[in-house]
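*Asks:* dropping a prediction and its sequence here:
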Amino acid sequence: MRILLYSYNYYPEPIGIAPLMTELAEGLVQRGHEVRVVTAMPWYPKSEIYEPYRGKLYCTEERNGVKIQRCYVRSRPQRSLFNRALFELSFMVLSFFQALRGRRPDLIFLTVPGLPVGVPASILGFLYRCPIVLNLQDILPDAAVHVGLITNQLAIKIFSALEQYNYRTATNIAVISEGFTENLLSKNISEDKITLIPNWVNVDFIKPLPREHNYFCQENHLAGKFVVIYSGNIALTQGLETVIDAATYLQEVPQIAIVIVGEEKALQRLENYCSKKGAMNVILRPFQPREKLPEMLSAADVGLVVQKKNVIAFNMPSKIQVLLASGRAIIGSVPDSGTAARAIRASGGGVVVPPEDARSLAAAIQDLYEHPEQVKQLGNASRQQAIKNYSFTSALDRYEALFKRLLRSH
């Protein structure tokens with residue numbers, strides 16, 4: 001098959017959708033398919049175009065058999081509706097012309113976010129007479145409105161219209177959790193149009209590694225410590241202040257170390273909060289190179305998944321699969337009825353505590369510290385769950401079968 005993968009996140013961006021789309025594209029190539037990726041100049045998570053790509057309108061690369069066609073995006077670190085609109089508009093327009101430069105695809109695979117790219121994708125689907133698979137990594141604008149990222153009523157109406165347009169023009173909608181399916185059904189989307197394929201993790205790359213000679217332990221003086229790590233996005237939906245508050249309740253146990261890994265600018269805010277709270281047992285570190293991710297995760301005894309109370313129920317953090325594959329025990333400070341809580345409980349590899357409840361989080365951490373055998377059991381269950389239900393091979397099989405089914409019916 002000739003597949004056009006349309007996503008504004010791709011390699012070398014280290015977190016979020018980019019690693020998933022990179023693995024999917026390269027996995028399809030390894031199975032003999034021709035994959036062309038239309039994407040932006042790398043910009044995430046700092047919202048600044050990476051140095052080697054600045055000043056370019058278009059560029060084309062090849063990596064591991066995948067043709068990568070990039071276009072300029074107007075990306076700015078300052079958060080505002082105006083900046084976001086210009087970002088979306090620049091990618092929507094410029095990516096369309098990049099997408100025209102290549103062989104006619106048999107199928108278009110489109111990721112959301114963002115919503116406006118559904119417009120050029122639908123035009124391309126019409127021009128090429130090919131199916132469009134819409135891959136939902138988040139349901140917008142529901143999620144953004146729910147946490148207050150979008151409050152402008154006109155913007156909400158525009159994004160809602162784009163959402164409905166994308167659902168209508170897609171041949172099939174691939175969702176990553178049952179919560180997404182429930183949301184779409186409530187919007188009168190036909191069940192026949194929805195395919196559930198959970199996000200995956202490469203269990204051959206992310207795997208338990210020995211703590212001896214672990215670079216992350218050595219660099220951060222974690223030898224002999226009970227290490228609790230949060231690694232990922234630090235934004236409105238996480239509320240990492242809860243983790244720091246929990247750490248203040250644990251300072252009487254010097255063997256417990258809390259580590260937060262994230263984007264450097266966001267860490268500055270947390271550093272100020274640590275100083276304010278006197279949290280001396282919190283270590284803040286910037287994102288590590290992706291090739292060192294398995295070793296960094298193996299420095300932990302426990303991995304954290306953190307959400308605020310107001311996070312919409314269907315949100316499914318991709319870090320859950322990563323922590324499962326690393327064989328870590330998990331503590332989820334997440335809404336009890338949400339998709340994340342369900343996934344953690346179903347894995348048998350973790351415990352769930354109420355979100356934004358620092359005392360409950362601290363108590364859960366101390367309980368696991370005092371019961372090392374339970375930590376080991378949870379970690380083993382995590383790893384088995386990842387292999388059984390979230391392996392990359394399984395996800396690749398499902399996507400390949402979906403694509404072939406759509407092409408046959410088309």
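*Replies:* Perfect, thanks for sending it.
*Asks:* drop to CA atoms for contacts and neighbour counts, all remaining ones
*Replies:* Will do.
*Asks:* shaky segments in the stretch 201-350 of the chain?
*Replies:* The stretch 201-350 of the chain contains residues with pLDDT under 70 at 312-314.
*Asks:* helices of that one, start to end?
*Replies:* Counting by DSSP state H, counting those that start in this stretch, one finds helices in the stretch 201-350 of the chain at the ranges 215-219, 241-248, 264-277, 293-298, 319-325, 339-347.
*Asks:* tilt between the second one and helix 264-277?
*Replies:* An angle of 40 degrees separates the directions of helix 241-248 and helix 264-277 when computed by axes from the mean of the first three to the mean of the last three Cα atoms, to 10 degrees.
*Asks:* what does helix 241-248 contact?
*Replies:* Residues outside helix 241-248 that contact it (Cα atoms under 8 Å, 6 or more residues apart in numbering): 258, 270, 273-274, 277-282, 356-359, 361-362.
*Asks:* hmm, back to that, with distance to residue 141 as extra columns, can I get the helices of the stretch 201-350 of the chain in JSON lines?
*Replies:* Shown next, in JSON lines, are the helices of the stretch 201-350 of the chain (distance: least, Cα to Cα, whole Å):
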{"stretch": "helix 215-219", "distance to residue 141": "38"}
{"stretch": "helix 241-248", "distance to residue 141": "26"}
{"stretch": "helix 264-277", "distance to residue 141": "24"}
{"stretch": "helix 293-298", "distance to residue 141": "31"}
{"stretch": "helix 319-325", "distance to residue 141": "22"}
{"stretch": "helix 339-347", "distance to residue 141": "18"}
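*Asks:* so which of those is nearest residue 140?
*Replies:* helix 339-347 (16.3 Å; Cα to Cα).
*Asks:* residues in contact with that closest one?
*Replies:* 177-179, 313-317, 320, 330, 332, 334-336, 350-352, 381-382, 385.
*Asks:* among those, which are in strands?
*Replies:* 330, 332, 350, 351, 352 (DSSP state E).
*Asks:* for stretch 279-294, measure first residue to last.
*Replies:* Start-to-end span of stretch 279-294 (Cα to Cα, to the nearest Å) is 27 Å.
*Asks:* what domains does the record give for this protein?
*Replies:* 2-200+391-409, 215-389 (automatic domain parsing).
*Asks:* let me know which of those domains is tucked in deepest.
*Replies:* domain 215-389 (a mean of 20; mean count of other Cα atoms under 10 Å).
*Asks:* contacting residues around stretch 162-177?
*Replies:* By Cα under 8 Å, 6+ apart, stretch 162-177 touches 115-116, 118-119, 122, 131-137, 140-141, 181, 189, 193-199, 314, 316, 339, 406.
*Asks:* hang on, residue 398 is in a strand, isn't it?
*Replies:* No. Read with DSSP: H, G, I helix; E, B strand; the rest coil, residue 398 is helix and lies in no strand.
*Asks:* follow-up on the earlier one: among the ones in strands among the contacts of helix 339-347, which pair sits farthest apart?
*Replies:* Going by Cα to Cα, the pair spanning the ones in strands among the contacts of helix 339-347 furthest: 330 and 352, at 8.4 Å.
*Asks:* TSV please, covering the domains of the chain and showing distance to residue 207.
*Replies:* Output for these, formatted as TSV (distance: least, Cα to Cα, whole Å):
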stretch	distance to residue 207
domain 2-200+391-409	12
domain 215-389	4
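*Asks:* which of those domains sits closest to residue 208?
*Replies:* Of all the domains of the chain, domain 215-389 comes closest under Cα to Cα, at 4.8 Å.
*Asks:* quick check: end-to-end length of the closest one?
*Replies:* 30 Å.
*Asks:* ok, stretch 183-201 next?
*Replies:* By Cα to Cα, one end of stretch 183-201 lies 24 Å from the other end.
*Asks:* please enumerate the strands of the chain.
*Replies:* 2-6, 34-40, 58-63, 66-71, 107-112, 132-136, 172-175, 194-196, 226-231, 256-262, 282-286, 302-306, 329-333, 350-353.
*Asks:* so residue 301 touches residue 331, yeah?
*Replies:* No. Applying Cα atoms under 8 Å, one finds residue 301 not in contact with residue 331, separated by 10.7 Å.
*Asks:* got the phi and psi for the residue of the chain most remote from its centre?
*Replies:* For the chain, the residue at maximal distance from the C-alpha centroid (Cα atoms, centre = their mean) is residue 252, at 34.5 Å. Main-chain torsions, residue 252, degrees, to the nearest 10: phi -80, psi -10.
*Asks:* so who does residue 82 touch?
*Replies:* Applying Cα under 8 Å, 6+ apart, no residues contact residue 82.
*Asks:* quick one: it and residue 152, what's the gap?
*Replies:* Applying Cα to Cα to residue 82 and residue 152 gives a distance of 11 Å.
*Asks:* what do you get for residue 165?
*Replies:* 20 Å.
*Asks:* ditto for residue 399
*Replies:* 36 Å.
*Asks:* then residue 297?
*Replies:* 39 Å.
*Asks:* low-scoring stretches of the stretch 51-200 of the chain, by residue?
*Replies:* By pLDDT under 70, the weakly predicted segments of the stretch 51-200 of the chain are 143, 146-149.
*Asks:* returning to that earlier point: out of the domains of the chain, nearest to residue 206?
*Replies:* Across the domains of the chain, closest to residue 206 is domain 215-389 (Cα to Cα), at 5.1 Å.
*Asks:* what about that closest one, distance to the chain center?
*Replies:* 16 Å (Cα atoms, centre = their mean, to the nearest Å).
*Asks:* then stretch 34-45?
*Replies:* Counting by Cα atoms, centre = their mean, stretch 34-45 comes out at 15 Å from the chain centroid.
*Asks:* next: stretch 83-96.
*Replies:* On Cα atoms, centre = their mean, the centre of stretch 83-96 falls 21 Å from that of its chain.
*Asks:* same check on stretch 180-196?
*Replies:* 21 Å.
*Asks:* please work out which residues outside that stretch touch it.
*Replies:* Residues contacting stretch 180-196 (Cα under 8 Å, 6+ apart): 139, 167, 171, 172, 173, 174, 175, 176, 177, 178, 314.
*Asks:* likewise for stretch 45-58?
*Replies:* Counting by Cα under 8 Å, 6+ apart, 13, 15, 41-43, 69-72, 75-77, 98, 263 sit against stretch 45-58.
*Asks:* would you turn those residues into JSON lines with distance to residue 237?
*Replies:* Listed next are these as JSON lines, based on distance: Cα to Cα, whole Å:
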{"residue": "13", "distance to residue 237": "20"}
{"residue": "15", "distance to residue 237": "16"}
{"residue": "41", "distance to residue 237": "26"}
{"residue": "42", "distance to residue 237": "23"}
{"residue": "43", "distance to residue 237": "20"}
{"residue": "69", "distance to residue 237": "32"}
{"residue": "70", "distance to residue 237": "29"}
{"residue": "71", "distance to residue 237": "29"}
{"residue": "72", "distance to residue 237": "28"}
{"residue": "75", "distance to residue 237": "21"}
{"residue": "76", "distance to residue 237": "20"}
{"residue": "77", "distance to residue 237": "18"}
{"residue": "98", "distance to residue 237": "33"}
{"residue": "263", "distance to residue 237": "15"}
